[in-house]
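In: Task: produce atomic coordinates for the following.
(one chain, ligands or ions: 4)
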Amino acid sequence: MQRSITMQILVGLLLMTGCARHPAVHHAGKISDWAADAIWYQIFPDRFWNGDTTNDPTIATLEGTWPYEKQEAWSVMPWTADWYELQPWEKTNNQGFYYNAQLRRYGGDLQGILERLDYLEDLGVNAIYLNPVFESASAHKYGATMYHHIDNNFGPDPAGDEKIWAQEDPSDPGSWQWTAADRLFLELIREVHARGMHIIIDGVFNHVGIPFWAFQDLREKGEQSQYADWFVIESFDDPATAEDEFSYSGWYGIPDLPEIREDKQGPPDAFRDHIRAVVRRWMDPNGDGDPSDGVDGWRLDVADMVADDFWRDFRKWVYASNPRAYLTGEVWWEDFPNNIMLDAAPWLEGDIFDAVMNYRFADAMLKAFVDRDQQITPTELDRLLTDVRDGYPQRSKYVLMNLMGSHDTERLASMVANPDRWLDHACNLNYDKDFDVNKPDSAERQVQKLILAFQFCYVGSPYIFYGDEVGMWGADDPDCRKPMLWENLEYSDEKAHPFDMPKPVDTVAPDLQLRDYYRQLIHLRKTHPELRGGEYRTFLTDDKKLLFGFERCLGERKIRAIFNASDTHQLLDINALLDGAPDHWVHVFGTIPRQNELPSKSCAIYRKR
Ligand SMILES: [Ca+2]
Ligand SMILES: [Ca+2]
Ligand SMILES: [Ca+2]
Ligand SMILES: [Ca+2]
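Out: Ligands and ions are numbered 1, 2, ... in the order given. Reported below is the predicted structural model:
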């Protein structure tokens, strides 16, 4: 009670002079200030930069993941090749592009990320989310072989690391050593922190890969295995018969990813203990109680498919190591076939995660700024955004990951080239031959830029999927995982088509102008605290002209942003939109309206003097 009265007085005082920074952002260290200030950058390690060619995956490392068939010929992919073109060895299996895409490895690694930290710092991002880095056979590494070691092909000594693994008992944390890859990862954490940046990693605890050590033990010992209750076994092999009756449940029915068994309380105790040790290892590697040598948090894979009770424990373990850590869940689909996304409030109000990957933001942006036939009105956009802001707890809305795409969706640049579709639904040529996989034209780039301006001024943390900032385009997986475009490389034109259909020739190179645009937006957000912690108010929804305007306000500071979602220029009353006192406002970003005209798909952003 005492506190709420104090709070009321405080809020009252602030209201007299302007808008309050929402107190929850700094409340009792519950959600870290760094997370509210984060500008996220997601890295898919195999595709970011190959900093060390001596550690590249070999044909032997393909074992233990889809497609399982032994390959006669295989090699690491050339970084700059035409994406859909099959390399000579890919033609030998006669399986086509989508099969071979899952066999591709580009050799990206930790040394590559280390070498590109200066690039990220220069771009202005301050928080990195890494797709899974633990040892795993696949390129995406969502099926772990173990959680207690970084993939040896991401580190400097793959063979040496394997020798270390062999000396350990994976079930006994006391036997875990530090491999060369682990140590390089710790160096990456140090380098990230030295730049004032933060880093979180992917926690995939709903399922594992077939080579996972406990699953292998089960495979070998059957019912006698001490890990028999870790998995959902439908039937064990009967040694008396010739056939293998062993059968188990995999994530989404995919046998590639054996699911961890759960009851209402979550996974079995022994699995929990193992994960607890894993958390401690990566949150405070040297175990001295100071978490500065560890990761700053976790992104939790398919989080809605794991019992809340497990996540509550997980949160306790994480916070015990680092009270300033950040936990974000992949809480996504409620009803995929009908394009209905989950309301993540139960995970946020239940003190489970600090944030979620806010795909609802992307969905609203596409409907308002990309769609044509199905384009929604500004009033409807306001409703979609308000649903999230008001539906989620105050402490979470400033730290949501507001993303426009990830390793699991078509890229932003390709979203804008494909209006009137549902996000993540049949968005590649394997499912829909009409999906536009070509390089976006300048009108489509303009739409991308409009969405970005919105994203960087809006409530919640802006989020960049690697390469979006240099204009990379691509359909849903596998095309969203092309190798990163770097200035020092020359890329082959894209002219091949996965089904040998005609395709325009697209030149491939980083779009440096677009990168500058991202840099400017990052700078805008960093230099205007009202964009990060300020209150939000919609002040313009013109459903005829498709104009939308919002204000961010913190104390005396104010930003107003006006967006034209229509495909024609629109007349505005700038004078009225700036309270009849345009002299009190400075244009800080976007287009300066001439004669009160805002061009199609553009924005005008003002700051109060
Ligand atoms: Ca490499
Ligand atoms: Ca490996
Ligand atoms: Ca430590
Ligand atoms: Ca997808």
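
In: all contacts plus neighbour counts: C-alpha atoms, from now on.
Out: Fine.

In: Helix, strand or coil: sort out the residue of the chain most remote from its centre for me.
Out: Relative to the mean C-alpha coordinate of the chain, counting by C-alpha atoms, centre = their mean, the farthest residue is Ala240 (47.8 Å). Under DSSP: H, G, I helix; E, B strand; the rest coil, Ala240 falls in the coil class.

In: Could you check how far it is from ligand 3?
Out: 52 Å (C-alpha to the ion, to the nearest Å).

In: where does that residue land on pLDDT?
Out: At Ala240, the model reports a pLDDT of 92.

In: do Ile5 as well
Out: pLDDT, Ile5: 37.

In: Residue numbers of the protein in contact with ligand 2?
Out: Neighbours of ligand 2 within the chain, by C-alpha under 5 Å from the ion: 151-153.

In: quick one: what helix or strand has the nearest residue to Asn430 once chain neighbours are set aside in it?
Out: Excluding its sequence neighbours, the residue lying closest to Asn430 (C-alpha to C-alpha, 6 or more residues apart in numbering) is Tyr98, at 7.5 Å. Using DSSP states H and E, Tyr98 falls within helix 97-101.

In: contacts for the next helix or strand after that helix?
Out: Scanning forward in sequence from helix 97-101 by DSSP H and E, the next helix or strand is helix 110-115. Helix 110-115 is contacted from outside by 45, 48-52, 154-155, 184-185, 188, 191, using C-alpha atoms under 8 Å, 6 or more residues apart in numbering.

In: Return the closest of the residues of the chain next to ligand 2 with respect to Pro582.
Out: Asp151 (56.8 Å; C-alpha to C-alpha).

In: Name the nearest residue to the closest one, ignoring sequence neighbours.
Out: Glu135 (3.6 Å).

In: thought Val447 was touching Val370?
Out: Yes: contact criterion C-alpha atoms under 8 Å: Val447 and Val370 qualify, at 7.0 Å.

In: out of these two, which sits in the busier spot?
Out: More crowded of Val447 and Val370, by other C-alpha atoms under 10 Å: Val370, with 27 against 22.

In: How about the contacts made by the residue nearest to Asn430?
Out: Per C-alpha under 8 Å, 6+ apart, neighbours of Tyr98: 430, 478, 498.

In: Among those residues, which one lies nearest to Tyr227?
Out: Nearest to Tyr227 among those, with distances taken as C-alpha to C-alpha, is Pro478, at 33.6 Å.

In: coming back round to it: could you pick out the buried ones from the contacts of Tyr98?
Out: Pro478 (16 or more other C-alpha atoms under 10 Å).

In: which of the contacts of Tyr98 lies closest to ligand 2?
Out: The closest of those to ligand 2 turns out to be Pro478 (C-alpha to the ion; 20.2 Å).

In: Give me the distance between that closest one and ligand 4.
Out: Taken as C-alpha to the ion, the span from Pro478 to ligand 4 is 9 Å.

In: Nearest spatial neighbour of that residue, chain-adjacent residues omitted?
Out: Per C-alpha to C-alpha, 6+ apart, closest to Pro478 is Ala101, 6.6 Å.

In: neighbours around that neighbour, how many?
Out: Ala101, neighbours per other C-alpha under 10 Å, totals 18.

In: With Thr386 instead?
Out: By other C-alpha under 10 Å, neighbour count at Thr386 equals 14.

In: Likewise for Thr409?
Out: Neighbours of Thr409 using other C-alpha under 10 Å come to 24.

In: in the stretch 301-450 of the chain, what residue is nearest ligand 3?
Out: Counting by C-alpha to the ion, the stretch 301-450 of the chain gets nearest ligand 3 through Ser321, at 8.9 Å.
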